[in-house]
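Novice: Predicted model follows, preceded by the sequence.
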Protein chains: 2
Amino acid sequence: MGIEAIQTLASRFARLPGIGNKTALRLAYHVLDMSDTSARELAGAIIDAREKVRYCSVCGGYTDVEPCALCADRSRKRDVICVVAEAKDIIALEKMREFHGQYHALGGVISPMDGVGPDDLRIRELLGRIDDGGITEVIVATNPDVEGEATASYLARIIKQKGVKVTRIAHGIPIGGNLEYIDEMTLFKAVEGRREI
Amino acid sequence: MGIEAIQTLASRFARLPGIGNKTALRLAYHVLDMSDTSARELAGAIIDAREKVRYCSVCGGYTDVEPCALCADRSRKRDVICVVAEAKDIIALEKMREFHGQYHALGGVISPMDGVGPDDLRIRELLGRIDDGGITEVIVATNPDVEGEATASYLARIIKQKGVKVTRIAHGIPIGGNLEYIDEMTLFKAVEGRREI
């Protein structure tokens, strides 16, 4: 059955995470009912986000300027780096408004099952920032799952060799949970209760 | 906190039905992780659907040709019209593959609460099609809710005056349900068990 343009749109929506076939079709119908302006705004926002958003060359976070606003902010502490797996985790931590240091996104976690080793992550860049000096503490804020813990252990081992304190955010975060979706208070407790590894 | 292009995209996603703020942000991140091609395909499909999909001047269903493929199909029975509230309901009924007559989408239902009266719907067009002759039965397949039933009663009253049989799809459809999401078998039972009103 079909108007091809509707089916195509529904199939594109169905490729998004958490969107099943029925929801995708419902979204497609909604687009048909939208004003022309709203539809163009939605399409434009997709293209715009793709074109404007880059990774900061310093911290690896999302940014539309180089370096990002957080790295460029002179009022932030420069002796602490908080290491996260993904760029989006920086946005989650910033919502907490309680951490005022630097960030470093690895672009993933060590995962032998997926063929991701230390060299596939932005660990070299992290070590470079530490070698530049002035860093007294590295907070490892990867997710508390197997890969996140393995990555934390790996980082602790090589960074401690450089005489820099390495801490891990506390397990206020539920095991198996996803850092991106935790509420600000839990994130705050997790950073506050961090312990040396 | 914010890269504006990400926030803008998330806010556009959040305007879609059933998409909350967290899901919208997750979709926005997904778009950033997509290939350039996939992102352009998604944006393009939105624009494309808006530009190509129109309402058929005969039945009021979605189409990209004029008249639509269903109205133009000479193998379909021309003596039965199935009346639905929305264009998308035609697609739902066609999935059943058991009805081979004509369709007519009203573009809504009579709803005094929302200020929608008979003149705001494509009822005049429906009566015109009946007056053209050759129609022996009108099946009213509006949703089995208050407005859908009121619309069915209204249509039955004025169409029966023209000596045409008016039937209502059976209450195989759960009361309060939405025709768009019913499985094909239930829809088939509902059409099969239709009764005169």
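Specialist: Ah, there it is. Please read these numbers as outputs of a predicted model, since none were measured by experiment.
Novice: wait, doesn't residue A:102 sit right on residue A:81?
Specialist: Yes: when contacts are counted by Cβ atoms under 8 Å, residue A:102 is listed as touching residue A:81 (4.7 Å). All C-beta spots, glycine's among them, are computed from the backbone N, C-alpha and C.
Novice: what residues do the two have in common as contacts?
Specialist: residue A:129 (Cβ atoms under 8 Å, 6 or more residues apart in numbering or on different chains).
Novice: All the strands of chain A, in order from the start?
Specialist: Using DSSP state E, the strands of chain A run over A:54-55, A:62-63, A:80-84, A:102-105, A:137-140, A:165-168, A:195-196.
Novice: now those as TSV including distance to residue B:34?
Specialist: Formatted as TSV, these follow (distance: least, Cβ to Cβ, whole Å):
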stretch	distance to residue B:34
strand A:54-55	15
strand A:62-63	14
strand A:80-84	21
strand A:102-105	18
strand A:137-140	28
strand A:165-168	32
strand A:195-196	38
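Novice: what's the span of stretch A:51-64, first residue to last?
Specialist: One end of stretch A:51-64 to the other measures 9 Å (Cα to Cα, to the nearest Å).
Novice: Is it in proximity to chain B?
Specialist: Yes: counting by Cβ under 8 Å from any Cβ of the partner chain, chain B is contacted by stretch A:51-64 at A:51-53, A:62-64.
Novice: contact partners of the longest helix along chain A?
Specialist: The residue-count maximum for a helix in chain A (DSSP state H) belongs to helix A:36-52. Under the criterion Cβ under 8 Å, 6+ apart, residues A:31, A:34, A:64, B:3, B:5-6, B:8-9, B:12-13, B:15, B:28, B:31-32, B:34, B:36, B:39-40, B:42-44, B:46-47, B:50 lie in contact with helix A:36-52.
Novice: Write the ChimeraX selection for whichever of those are buried.
Specialist: Selection of buried members from these for ChimeraX, criterion 16 or more other Cβ atoms under 10 Å in any protein chain shown:
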select /A:31,34,64 /B:3,5,6,8,9,12,13,28,31,32,34,39,42,43,44,46,47,50
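Novice: Mean confidence (pLDDT) on the longest helix of chain A, please.
Specialist: The average pLDDT within helix A:36-52 is 94.
Novice: now the angle from it to helix B:36-52?
Specialist: Here helix A:36-52 runs at an angle of 170 degrees relative to helix B:36-52 (axes from the mean of the first three to the mean of the last three Cα atoms, to 10 degrees).
Novice: What count of nearby residues applies to the closest residue in space to residue A:149 that isn't next to it in sequence?
Specialist: Once flanking residues are discounted, residue A:149 sits nearest to residue A:142: 7.5 Å by Cβ to Cβ, 6 or more residues apart in numbering or on different chains. For residue A:142, the neighbour count with other Cβ atoms under 10 Å in any protein chain shown is 24.
Novice: How much space separates residue A:142 from chain B?
Specialist: Using Cβ to the nearest Cβ, to the nearest Å, residue A:142 is found at 17 Å from chain B.
Novice: And residue A:78, by the same measure?
Specialist: 20 Å.
Novice: before we move on, what about residue A:177?
Specialist: For residue A:177 relative to chain B (Cβ to the nearest Cβ), the value is 14 Å.
Novice: tell me the pLDDT at that residue?
Specialist: 70.
Novice: show me the contacts for residue A:148.
Specialist: Contacts of residue A:148 by Cβ under 8 Å, 6+ apart are A:85, A:109, A:142.
Novice: Residue B:182: which of the residues you listed is nearest?
Specialist: Top of the list for closeness to residue B:182, among the contacts of residue A:148 and by Cβ to Cβ, is residue A:85 at 42.8 Å.
Novice: What number of residues are in the vicinity of that closest one?
Specialist: 23.
Novice: can you map out the helices along chain A?
Specialist: A:4-14, A:21-33, A:36-52, A:69-72, A:87-95, A:123-131, A:146-160, A:184-192.
Novice: In a markdown table, list the ones you listed along with distance to residue B:169.
Specialist: Listed next are the helices of chain A as a markdown table, based on distance: least, Cβ to Cβ, whole Å:
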| stretch | distance to residue B:169 |
| --- | --- |
| helix A:4-14 | 24 |
| helix A:21-33 | 21 |
| helix A:36-52 | 33 |
| helix A:69-72 | 58 |
| helix A:87-95 | 47 |
| helix A:123-131 | 63 |
| helix A:146-160 | 53 |
| helix A:184-192 | 51 |
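Novice: Minimum distance to residue B:70: which of those helices has it?
Specialist: That would be helix A:4-14 among these, by Cβ to Cβ, at 14.0 Å.
Novice: for that closest one, packing partners?
Specialist: The elements that helix A:4-14 packs onto, with contact taken as 3 or more Cβ pairs under 8 Å, 6 or more residues apart in numbering or on different chains; DSSP states H and E, are helix A:21-33, helix B:36-52.
Novice: Report the buried residues of the first one.
Specialist: Looking back up the chat, that one is helix A:21-33. Result for helix A:21-33 [16+ other Cβ under 10 Å]: buried residues A:23-32.
Novice: Could you list which of those also contact chain B?
Specialist: Okay, of the buried residues of helix A:21-33 touching chain B (Cβ under 8 Å from any Cβ), that's A:23, A:26-32.
Novice: one step back: mean pLDDT for the helices of chain A: which is lowest?
Specialist: helix A:184-192 (a mean of 74).
Novice: What lies in contact with it?
Specialist: So helix A:184-192 is contacted by A:82, A:92-93, A:95-99, A:139, A:141, A:169-173, A:179, A:182 (Cβ under 8 Å, 6+ apart).
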